[in-house]
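Enquirer: got a sequence here, can you model it:
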Amino acid sequence: MTENRIIHFMAFRRYAFAFSLLLMVISVAALAIRGINFGLDFTGGTLVELTYSEAAPLEPIRQTLHKAGFERATVVNLGAATDVAIRLAAGTDKNIGQELVQVLQKEFSGSIKLRRVEFVGPQVGDDLREQGGLAVLLSLLAVGAYIAVRFQYKFSVGAVVGLFHDVFVVMGCFALFQWEFDLTVLAAVLAVIGSSVNDTIVVFDRIREVFRKQRRSDTEEIINISLTQTLDRTIGTKVTVLLTLMSLLIFGGEMIRGFSIALAIGTFFGVYSSTYVAASILMTTKVTREDLVSAPVQKEGAVDGRP
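Expert: Model (predicted):
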């Protein structure tokens, strides 16, 4: 590979470090000040499903509920345009289904049928919150252990810090803009961890391979070569993923909007962290070729490597 074909990614690592630090400060401040806007799955509340005789107008339904005092009600379609799910905060009574039907029927000329009313208690929400946080933490620890075994502990540090970076950015965005955080978003966060670690492993594999081939090159040059060689693959796969997520965001409806947003943010910053967080930490920890080459194993009875 000639010099003019190598993109010098690591020349900008200090600027990237400042940018990442700024992202972390904003994310932590948003989480501390505004907090996560947990959805019904985590806070508890009521889910009411209705069936309209014809296509249900979602915006007029929201306005009607708002006027009736249900200001935090979430209204979405359930597959068909005639099926509607209404999510309400905790504290509603057991007759809320019939009450909603009566309120909405005044503004709708057709018929409205009550399909189902489901209550989620606050204790269940608390349990889900704890289990969700534990799932994310265990995923990060498992990834760190896997990278340490497959590569070397210096690589594990870079991978785990990169994953923490991606998770905090996604959570920070949801806190900053007060997007609803429900179980689908938690699933997206776990998917972000899987996607980011896949990108990181691809980069680390190439770095290890180039380290073994380029014996006279320094660490910065080897990382630049490796990132340049994986660039085409990264662009191809991530552009495809982002196009799919944009389609889900536009046409997927309200139920998976949070999932699409979280995964899109995580995918974008996953590429960034694989390059300017995980790989940059290899520079900081001063990884060398000797870290990746196992020492020769001597046979029993050998002296100075000779039988």
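Enquirer: the residue nearest to residue 182 when sequence neighbours are not counted - how many residues pack around it?
Expert: Spatial nearest neighbour of residue 182, chain neighbours left out: residue 39 (3.3 Å); criterion: CB to CB, 6 or more residues apart in numbering. For every residue, glycine as well, the C-beta is placed using N, CA and C. Other residues within reach of residue 39, judged by other CB atoms under 10 Å, total 21.
Enquirer: for residue 39, phi and psi?
Expert: Comment: the main-chain dihedrals of residue 39 come out as phi -80, psi -170, following degrees, to the nearest 10.
Enquirer: quick one: the host helix or strand of residue 240 to chain centroid distance?
Expert: Taking DSSP states H and E as the criterion, the element that holds residue 240 is helix 219-251. Mean C-alpha position of helix 219-251 versus that of the full chain (CA atoms, centre = their mean, to the nearest Å) differs by 16 Å.
Enquirer: what mean pLDDT does it have?
Expert: Averaged over helix 219-251, pLDDT sits at 88.
Enquirer: picking that back up, for residue 259, see how far away the residue nearest to residue 182 is.
Expert: Noted for residue 39: a distance of 12 Å to residue 259, by CB to CB, to the nearest Å.
Enquirer: which neighbours do the two share?
Expert: Contact criterion CB atoms under 8 Å, 6 or more residues apart in numbering; residues shared by residue 39 and residue 259: residue 185.
Enquirer: just confirm residue 229 contacts residue 209, I think it does.
Expert: No. Contact criterion CB atoms under 8 Å: residue 229 and residue 209 do not qualify, at 9.0 Å.
Enquirer: between those two, who's got more neighbours?
Expert: Taking residue 229 and residue 209 together and counting by other CB under 10 Å, residue 229 has the greater number of neighbours (18 against 14).
Enquirer: burial of the nearest residue to residue 238 once chain neighbours are set aside, as a residue count?
Expert: The spatially closest residue to residue 238, leaving aside those adjacent along the chain, is residue 271, at 5.4 Å (CB to CB, 6+ apart). Burial of residue 271, expressed as a neighbour count using other CB under 10 Å, amounts to 22.
Enquirer: below-threshold pLDDT in the protein: ranges please.
Expert: 1-4, 90-93, 121-126, 291-307 (pLDDT under 70).
Enquirer: and the helices in it?
Expert: For the chain, the helices defined by DSSP state H cover 13-33, 40-43, 58-67, 96-105, 122-150, 153-177, 183-213, 219-251, 257-273, 279-284.
Enquirer: in the fourth one, what counts as buried?
Expert: Yep, that's helix 96-105 we're talking about. Burial within helix 96-105, assessed by neighbour count using 16 or more other CB atoms under 10 Å, is assigned to 96, 97, 100, 101, 103, 104.
Enquirer: mind checking how far it is from the chain centre?
Expert: From the chain centre to the centre of helix 96-105 is a distance of 37 Å (CA atoms, centre = their mean).
Enquirer: and it, what does it pack against?
Expert: Of the remaining helices and strands, those touching helix 96-105 by 3 or more CB pairs under 8 Å, 6 or more residues apart in numbering; DSSP states H and E are strand 45-52, helix 58-67, strand 112-120.
Enquirer: can you tell me how far residue 59 sits from residue 202?
Expert: Relative to residue 202, residue 59 is positioned 44 Å away (criterion: CB to CB).
Enquirer: neighbour count winner among these two?
Expert: Set side by side, residue 59 and residue 202 show more neighbours around residue 202, with 16 against 8, by other CB under 10 Å.
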